[in-house]
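**Q** next come a sequence and a model predicted from it.
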Amino acid sequence: MFSLSKNGRARNGWVNFTVLACTGVIPLLLYVAGQTFYLDLATRMVCLAIAAISLNLILGYGGMVSFGHAVFIGIGAYAVGIPAYHATYGEFDLIASYNGFLHILLAVAFSSLFALVTGAISLRTKGIYFIMITMAFGQMIYFFFVSLETYGGDDGLTIDARSEFPAVKLDNAIVMFLVCYVIMLLVIFAMYKIVNSRFGMVLQGAKDNEERMRAMGFNTFKYRLTAYVIAGALCGLSGALLGNFTTFISPEMIDWTRSGELIFMVLLGGGGTLAGPLVGAAIFVVLEEVLSSFTIYWHLPFGIMLILAVLFARKGLLSLFLKEDGDD
Amino acid sequence: MTEPALEICNLVKHFGGVTASDDISLSIMANEIHAIIGPNGAGKTTLVSQLFGSLAPDGGKVRFKGKDITSLPTYKRSALGLARSFQITSLIMSMSVLDNVALAVQAHEGHSFKFWKPARKVETLRLRATEILQQIDLVERADSKVSALSHGERRQVEIAVALAGEPSLLLLDEPMAGMGAIESAQMVEILKQMKGEKTIVLIEHDMDAVFALADRISVLVYGRIIATGSPDEIRQNEDVRRAYLGEA
């Protein structure tokens, strides 16, 4: 992406556009053709893609391998589930509500706050320690929700009514998909602006050579923490969407294996590329669907595919189609 | 040459049993080129790292323009007007030459919590970066990725990045390291342009370069300054000859 020639930029633009168009149009066409199931699959894909895109900001562009990113999906989902639960069964009038705007506000606010506090601690560490500490924070929240008997604990919580928005009814499958899809487009656009902004340059510079960035005069910690909070907030948003989509939430959404899957999506599709995480999420969702219909041990062939992808497309599958600086 | 730009007072640094900085006291005058020479392992890079804040000294003080900066983190020293080039080239390899220099300019143009406007379209940053590249004669390589540059060119970018923040004091850690004769001569020319305008602490093994550039020279041996003086004084100093120059 750096100082790429006009041709290269145009080509990459087309690749990204094709990916976005396909993921939007194909599910709708299948739905019209009577294959309604695939629309559900696509909605799940888009929700996970938003989470993966948010992870990509810190992992792909910032070089911070967070192994606890799914925690924000959980926080976002419970930010929908808990107010809806109280709106149905009483108590906690302060937050009891079906109002979608409140849900999203809570999801983003709590995710940001959690990211700020845990990020401020985690980002003091580097490398493997950062991986372990983010995972530990994730597991803490996992067990926190397991211990909340009111909201189903281990068994999870069924959301009786989806978030309510004026004029937009999420109960309609097409509306649900379109809402998620449009939000994803906005997130990708925001990502495009962020990574090319001054902030984005600092973030990517610090990934490449933190010592040099500090020597230039950047307090890299502050910039990384900001990226961590942005990523957390966006992932919380994806959690609120996912909770609305599945109408069932449980601590299992937060488990560290879920965080691992998000990392798979980013690396498989292409870390540090705009549409890569979406490609990764699409492949993940389809593979999960196809492979798990053959065997409950679907992670095994999935793992083999991941190894092959890492060996033969080190920068992710999307990079096979993208032009890089110096290619032309 | 009135007041010191940088004062080093009784600086001490140990690594296990090795004393890398042994009670070093030195004043660097404003706008002088002060070379620090010494055999391998004398503690030159250790000294620079302490001056720049990447290493914390075990004792002593560093004052910059009268201000105690001994415990200031590197990025704050940079903001005060200190810049460093690294002995082992340290750049953002994945970015272009212009991007590297523009980032260094950006570091001194206020905060970078600017999330929307494309950084590569901010003219003040690009123009200033281009100016600096012209100054070191590297403008035709502006769009090349740093990873595609030759060693000598990378060393030049290293200087450009250090210059970008318009520092008042440059710490140059072996800018000619690994360079051929022609490249070295070019670098000497670049540094000569700054003579009298910037305070430079120059660590260098290339004696021709040192004697061509330096106003004063300090000789560091086993963590101790054994002599400080003009190039002529150093050339004639008996201790220095014995310890280091080897009658060269």
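**A** The structure has been received and is ready for your questions.
**Q** please list all residues in contact with the residue in chain B positioned nearest to chain A.
**A** Per Cβ to the nearest Cβ, the residue of chain B with the smallest distance to chain A is B:Ser78, at 3.4 Å. Yep, even glycine has a C-beta here, placed from its N, CA and C like the rest. Neighbouring residues of B:Ser78 by Cβ atoms under 8 Å, 6 or more residues apart in numbering or on different chains: A:214-217, B:107-108, B:165, B:167.
**Q** list the buried ones in the helix or strand where it lies?
**A** Assigned by DSSP states H and E, B:Ser78 belongs to helix B:74-80. Residues B:74-75, B:77-78 are the ones in helix B:74-80 that count as buried (16 or more other Cβ atoms under 10 Å in any protein chain shown).
**Q** now swap in stretch A:17-25 and tell me
**A** Here stretch A:17-25 shows A:19-20, A:23-24 as buried, counting by 16+ other Cβ under 10 Å.
**Q** stretch B:117-134 now?
**A** B:119-120, B:122, B:125-126, B:128-129, B:132-133.
**Q** and chain A, which residues reach chain B?
**A** Residues of chain A found near chain B (Cβ under 8 Å from any Cβ of the partner chain) are A:2-3, A:193-194, A:196-202, A:204-205, A:208-209, A:211-220, A:223, A:226, A:325-326.
**Q** now the buried members of those residues.
**A** Here, 16+ other Cβ under 10 Å leaves A:2-3, A:194, A:196-202, A:204-205, A:208-209, A:212-220, A:223, A:226, A:325 buried among the residues of chain A next to chain B.
**Q** and the residues you listed, which of them are in helices?
**A** Mapping these onto helices (DSSP state H) picks out A:194, A:196, A:198-202, A:204-205, A:208, A:212-216, A:220, A:223, A:226.
**Q** what is the nearest of the buried residues of stretch B:117-134 to A:Val15?
**A** Closest to A:Val15 out of those is B:Arg120 (20.4 Å), distances taken as Cβ to Cβ.
**Q** what pLDDT does whatever residue of chain A ends up closest to chain B get?
**A** Nearest residue of chain A to chain B (Cβ to the nearest Cβ) works out as A:Gly217 at 3.4 Å. With respect to pLDDT, A:Gly217 scores 94.
**Q** could you find the closest non-adjacent residue to it?
**A** In this structure, A:Gly217 finds its nearest non-sequential neighbour in B:Ser78, 3.4 Å apart by Cβ to Cβ, 6 or more residues apart in numbering or on different chains.
**Q** tell me the confidence at the one you found?
**A** The model's pLDDT for B:Ser78 equals 93.
**Q** on that earlier part again, can I get the buried residues of stretch A:17-25 in JSON lines with pLDDT and secondary structure?
**A** Formatted as JSON lines, the buried residues of stretch A:17-25 follow (pLDDT from 0 to 100; DSSP: H, G, I helix; E, B strand; the rest coil):
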{"residue": "A:Val19", "pLDDT": "94", "secondary structure": "helix"}
{"residue": "A:Leu20", "pLDDT": "94", "secondary structure": "helix"}
{"residue": "A:Thr23", "pLDDT": "93", "secondary structure": "helix"}
{"residue": "A:Gly24", "pLDDT": "93", "secondary structure": "helix"}
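**Q** I'd like these laid out as a markdown table, including distance to B:Ala160.
**A** What follows is the buried residues of stretch A:17-25, written out as a markdown table (distance: Cβ to Cβ, whole Å):
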| residue | distance to B:Ala160 |
| --- | --- |
| A:Val19 | 38 |
| A:Leu20 | 39 |
| A:Thr23 | 43 |
| A:Gly24 | 45 |
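**Q** which two of these have the greatest separation?
**A** Spanning the widest gap among the buried residues of stretch A:17-25 are A:Val19 and A:Gly24, at 9.6 Å by Cβ to Cβ.
**Q** ranges for the strands of the chain?
**A** If you meant another chain, say so; for now it's chain A. Assigned by DSSP state E, chain A shows strands spanning A:157-158, A:248-249.
**Q** correction: the question concerned chain B.
**A** Along chain B, counting by DSSP E, strands occupy B:4-15, B:18-29, B:33-37, B:59-64, B:67-68, B:82-85, B:169-173, B:199-203, B:216-221, B:224-229.
**Q** what's the offset of the fifth one from the middle of its chain?
**A** So the one you mean is strand B:67-68. Computed by Cα atoms, centre = their mean, to the nearest Å, the chain-centroid distance of strand B:67-68 equals 20 Å.
**Q** neighbouring strands of that strand in the sheet, and parallel or not?
**A** Counting by DSSP bridges, the strands paired with strand B:67-68 are strand B:59-64 (antiparallel).
**Q** what of the last one?
**A** According to DSSP bridges, the neighbouring strands of strand B:224-229, each with its direction, are strand B:216-221 (antiparallel).
**Q** how many neighbours does A:Thr158 have?
**A** 14 (other Cβ atoms under 10 Å in any protein chain shown).
**Q** please name the nearest non-neighbouring residue to it.
**A** Take A:Thr158 and drop its neighbours on the chain: the residue closest to it by Cβ to Cβ, 6+ apart is A:Phe248, 5.3 Å away.
**Q** redo the contacts of B:Ser78 as JSON lines? Include distance to A:Leu317.
**A** Output for the contacts of B:Ser78, formatted as JSON lines (distance: Cβ to Cβ, whole Å):
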{"residue": "A:Arg214", "distance to A:Leu317": "34"}
{"residue": "A:Ala215", "distance to A:Leu317": "36"}
{"residue": "A:Met216", "distance to A:Leu317": "34"}
{"residue": "A:Gly217", "distance to A:Leu317": "38"}
{"residue": "B:Ala107", "distance to A:Leu317": "35"}
{"residue": "B:His108", "distance to A:Leu317": "40"}
{"residue": "B:Gly165", "distance to A:Leu317": "40"}
{"residue": "B:Pro167", "distance to A:Leu317": "44"}
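**Q** for A:Cys235, state which of those residues is nearest.
**A** A:Arg214 (27.6 Å).
**Q** quick one: that closest one and B:Pro73 touch, right?
**A** Yes. The criterion here is Cβ atoms under 8 Å, and A:Arg214 meets it with B:Pro73 at 7.5 Å.
**Q** re earlier: just put the strands of chain A in CSV and tack on distance to B:Asn40 and mean pLDDT.
**A** CSV is the format used below for these (distance: least, Cβ to Cβ, whole Å; pLDDT from 0 to 100):
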stretch, distance to B:Asn40, mean pLDDT
strand A:157-158, 67, 94
strand A:248-249, 63, 94
